[in-house]
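Undergrad: Sequence first, predicted model second:
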Amino acid sequence: MRKALLGFSIAVLLSACAAGDRGLRDLRSNGGGPDEFSVLPVNPLILPNDVTTLPVPTPGGANRTDPAPEADAVSVLGGNPNALIARGAPTSDGALIAAASRNGVDPSIRQTLASEDAAFRTRRARLTIFGGRDRYFSAYARQALDAYAELQRFRNAGIATPSAPPQ
(Lines give C-alpha, C1' and ligand atoms only; values in the text may rest on other atoms or scores of the structure.)
Protein backbone atom coordinates (compact mmCIF):
# COMPACT_ATOMS: atom_id res chain seq x y z
CA MET A 1 0.00 0.00 0.00
CA ARG A 2 2.86 2.35 0.84
CA LYS A 3 4.57 1.64 -2.47
CA ALA A 4 1.35 2.41 -4.37
CA LEU A 5 0.87 5.68 -2.48
CA LEU A 6 4.52 6.64 -3.01
CA GLY A 7 4.31 5.80 -6.73
CA PHE A 8 1.10 7.79 -7.09
CA SER A 9 2.56 10.87 -5.35
CA ILE A 10 5.72 10.72 -7.51
CA ALA A 11 3.60 10.51 -10.66
CA VAL A 12 1.52 13.52 -9.55
CA LEU A 13 4.65 15.55 -8.77
CA LEU A 14 6.29 14.72 -12.09
CA SER A 15 3.17 15.49 -14.10
CA ALA A 16 2.78 18.83 -12.35
CA CYS A 17 6.34 19.77 -13.23
CA ALA A 18 6.01 18.90 -16.91
CA ALA A 19 2.58 20.43 -17.59
CA GLY A 20 3.31 24.10 -17.05
CA ASP A 21 6.77 24.60 -18.53
CA ARG A 22 6.57 25.08 -22.29
CA GLY A 23 9.86 26.94 -22.48
CA LEU A 24 10.70 28.57 -25.77
CA ARG A 25 7.73 26.98 -27.54
CA ASP A 26 5.34 29.43 -25.85
CA LEU A 27 5.92 32.82 -27.47
CA ARG A 28 3.24 34.69 -25.54
CA SER A 29 4.24 37.24 -22.93
CA ASN A 30 3.21 36.08 -19.47
CA GLY A 31 4.53 39.02 -17.48
CA GLY A 32 3.10 42.47 -16.98
CA GLY A 33 6.14 44.17 -18.51
CA PRO A 34 6.68 45.31 -22.08
CA ASP A 35 7.01 42.83 -24.87
CA GLU A 36 10.49 43.20 -26.30
CA PHE A 37 9.22 42.61 -29.83
CA SER A 38 6.64 45.39 -29.69
CA VAL A 39 8.97 48.10 -28.41
CA LEU A 40 10.35 50.03 -31.35
CA PRO A 41 13.25 52.46 -31.19
CA VAL A 42 12.01 55.80 -32.53
CA ASN A 43 13.46 59.25 -32.87
CA PRO A 44 13.49 61.37 -29.70
CA LEU A 45 10.47 63.49 -28.88
CA ILE A 46 10.81 67.16 -29.71
CA LEU A 47 9.04 69.69 -27.52
CA PRO A 48 8.17 72.84 -29.51
CA ASN A 49 8.87 76.28 -28.05
CA ASP A 50 5.23 77.32 -28.42
CA VAL A 51 2.60 74.70 -27.60
CA THR A 52 -0.09 76.60 -29.49
CA THR A 53 1.58 75.82 -32.82
CA LEU A 54 1.04 72.07 -32.56
CA PRO A 55 -0.63 70.61 -35.65
CA VAL A 56 -4.14 69.25 -35.46
CA PRO A 57 -4.06 65.44 -35.10
CA THR A 58 -5.12 63.64 -38.24
CA PRO A 59 -6.23 60.00 -38.00
CA GLY A 60 -3.90 57.93 -40.14
CA GLY A 61 -1.49 60.83 -40.50
CA ALA A 62 2.26 60.69 -40.09
CA ASN A 63 3.84 60.36 -36.66
CA ARG A 64 6.04 63.38 -35.90
CA THR A 65 8.73 61.29 -34.20
CA ASP A 66 8.76 58.58 -36.86
CA PRO A 67 7.24 59.99 -40.06
CA ALA A 68 8.16 57.10 -42.38
CA PRO A 69 8.51 53.82 -40.47
CA GLU A 70 8.05 51.63 -43.56
CA ALA A 71 10.72 53.55 -45.47
CA ASP A 72 13.07 53.27 -42.49
CA ALA A 73 12.53 49.51 -42.38
CA VAL A 74 13.14 49.17 -46.12
CA SER A 75 16.37 51.17 -45.94
CA VAL A 76 17.63 49.17 -42.93
CA LEU A 77 17.01 45.96 -44.85
CA GLY A 78 19.00 47.28 -47.81
CA GLY A 79 16.16 48.34 -50.10
CA ASN A 80 15.27 51.60 -51.77
CA PRO A 81 12.78 53.57 -49.62
CA ASN A 82 11.77 55.65 -52.66
CA ALA A 83 10.21 52.52 -54.16
CA LEU A 84 7.38 52.84 -51.62
CA ILE A 85 6.19 56.14 -53.10
CA ALA A 86 3.29 55.56 -55.47
CA ARG A 87 3.95 57.46 -58.68
CA GLY A 88 1.41 55.80 -60.94
CA ALA A 89 2.38 53.51 -63.78
CA PRO A 90 6.02 53.50 -64.86
CA THR A 91 6.82 55.08 -68.22
CA SER A 92 7.99 51.73 -69.53
CA ASP A 93 4.36 50.52 -69.35
CA GLY A 94 3.07 53.34 -71.56
CA ALA A 95 2.62 51.15 -74.64
CA LEU A 96 0.79 48.50 -72.61
CA ILE A 97 -1.55 51.09 -71.08
CA ALA A 98 -2.23 52.65 -74.47
CA ALA A 99 -3.08 49.27 -76.00
CA ALA A 100 -5.30 48.28 -73.07
CA SER A 101 -7.22 51.57 -73.11
CA ARG A 102 -7.51 51.96 -76.91
CA ASN A 103 -11.30 51.40 -76.78
CA GLY A 104 -11.87 53.70 -73.80
CA VAL A 105 -11.84 53.17 -70.06
CA ASP A 106 -14.94 52.60 -67.94
CA PRO A 107 -14.44 54.43 -64.62
CA SER A 108 -16.94 52.17 -62.83
CA ILE A 109 -15.44 48.88 -64.08
CA ARG A 110 -14.72 47.58 -60.57
CA GLN A 111 -18.32 48.04 -59.42
CA THR A 112 -19.65 46.53 -62.66
CA LEU A 113 -17.42 43.48 -62.37
CA ALA A 114 -18.25 43.04 -58.68
CA SER A 115 -22.00 43.06 -59.33
CA GLU A 116 -21.68 40.72 -62.34
CA ASP A 117 -19.47 38.38 -60.32
CA ALA A 118 -21.94 38.32 -57.42
CA ALA A 119 -24.81 37.56 -59.84
CA PHE A 120 -22.79 34.78 -61.51
CA ARG A 121 -21.91 33.15 -58.18
CA THR A 122 -25.53 33.42 -57.03
CA ARG A 123 -26.69 31.63 -60.20
CA ARG A 124 -24.07 28.93 -59.71
CA ALA A 125 -24.70 28.44 -56.00
CA ARG A 126 -25.71 24.93 -55.01
CA LEU A 127 -27.23 23.67 -51.82
CA THR A 128 -24.86 21.51 -49.86
CA ILE A 129 -25.21 19.39 -46.78
CA PHE A 130 -22.51 21.31 -44.96
CA GLY A 131 -23.67 24.80 -46.03
CA GLY A 132 -20.45 26.66 -45.21
CA ARG A 133 -18.37 25.21 -48.02
CA ASP A 134 -16.66 27.68 -50.36
CA ARG A 135 -17.88 27.20 -53.91
CA TYR A 136 -15.65 29.80 -55.57
CA PHE A 137 -13.43 27.40 -57.52
CA SER A 138 -16.25 25.09 -58.53
CA ALA A 139 -18.29 28.06 -59.80
CA TYR A 140 -15.43 29.19 -62.05
CA ALA A 141 -14.24 25.71 -63.12
CA ARG A 142 -15.35 26.22 -66.76
CA GLN A 143 -13.48 29.53 -67.00
CA ALA A 144 -10.22 28.30 -65.46
CA LEU A 145 -7.22 27.74 -67.71
CA ASP A 146 -5.15 24.59 -67.65
CA ALA A 147 -1.73 26.13 -67.08
CA TYR A 148 0.19 23.18 -68.48
CA ALA A 149 -1.97 22.93 -71.62
CA GLU A 150 -1.43 26.66 -72.24
CA LEU A 151 2.29 26.25 -71.65
CA GLN A 152 2.43 23.45 -74.21
CA ARG A 153 0.34 25.49 -76.68
CA PHE A 154 2.80 28.41 -76.43
CA ARG A 155 5.78 26.09 -76.80
CA ASN A 156 4.24 24.45 -79.85
CA ALA A 157 3.77 27.93 -81.36
CA GLY A 158 7.48 28.62 -80.87
CA ILE A 159 7.03 31.24 -78.13
CA ALA A 160 9.79 31.31 -75.52
CA THR A 161 8.30 30.30 -72.19
CA PRO A 162 9.72 30.08 -68.69
CA SER A 163 10.23 26.74 -67.07
CA ALA A 164 7.41 25.33 -65.00
CA PRO A 165 7.39 22.88 -62.11
CA PRO A 166 6.52 19.30 -63.01
CA GLN A 167 2.89 18.26 -62.80
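TA: Thanks, I have the structure now.

Undergrad: how close does Thr112 sit to Ala119?
TA: Distance, Thr112 to Ala119, using CB to CB, to the nearest Å: 11 Å. Just so you know, the C-beta spots here come from the backbone N, C-alpha and C atoms, and that holds for glycine as well.

Undergrad: burial measure for the closest residue to Asn80 other than its chain neighbours, as a count.
TA: Closest residue to Asn80 apart from its sequence neighbours, by CB to CB, 6 or more residues apart in numbering: Val74 at 7.1 Å. Neighbours of Val74 under the rule other CB atoms under 10 Å: 16.

Undergrad: what residues are up against Val74?
TA: Applying CB atoms under 8 Å, 6 or more residues apart in numbering, we find Val74 in contact with Asn80, Pro81, Ala83, Leu84.

Undergrad: so the residue nearest the centre of the chain, which of the three states?
TA: What sits nearest the mean C-alpha location of the chain, by CA atoms, centre = their mean, is Glu70, with 15.1 Å. Classification of Glu70 using DSSP: H, G, I helix; E, B strand; the rest coil returns helix.

Undergrad: what about the residue nearest to Arg64 when sequence neighbours are not counted, neighbour count?
TA: Leaving out its chain neighbours, the residue that sits closest to Arg64 by CB to CB, 6+ apart is Ile46, at 7.3 Å. Neighbour count of Ile46, defined by other CB under 10 Å: 7.

Undergrad: Could you shift the numbering so residue one becomes 41, and keep it that way?
TA: Okay, residue one is now 41; in that scheme the one you just asked about reads as Ile86.

Undergrad: mind listing the helices for this protein?
TA: Residue ranges of the helices in the chain, as given by DSSP state H, are 42-60, 109-116, 134-140, 149-164, 176-179, 187-196.

Undergrad: most tightly surrounded among the ones you listed?
TA: helix 109-116 (a mean of 13; mean count of other CB atoms under 10 Å).
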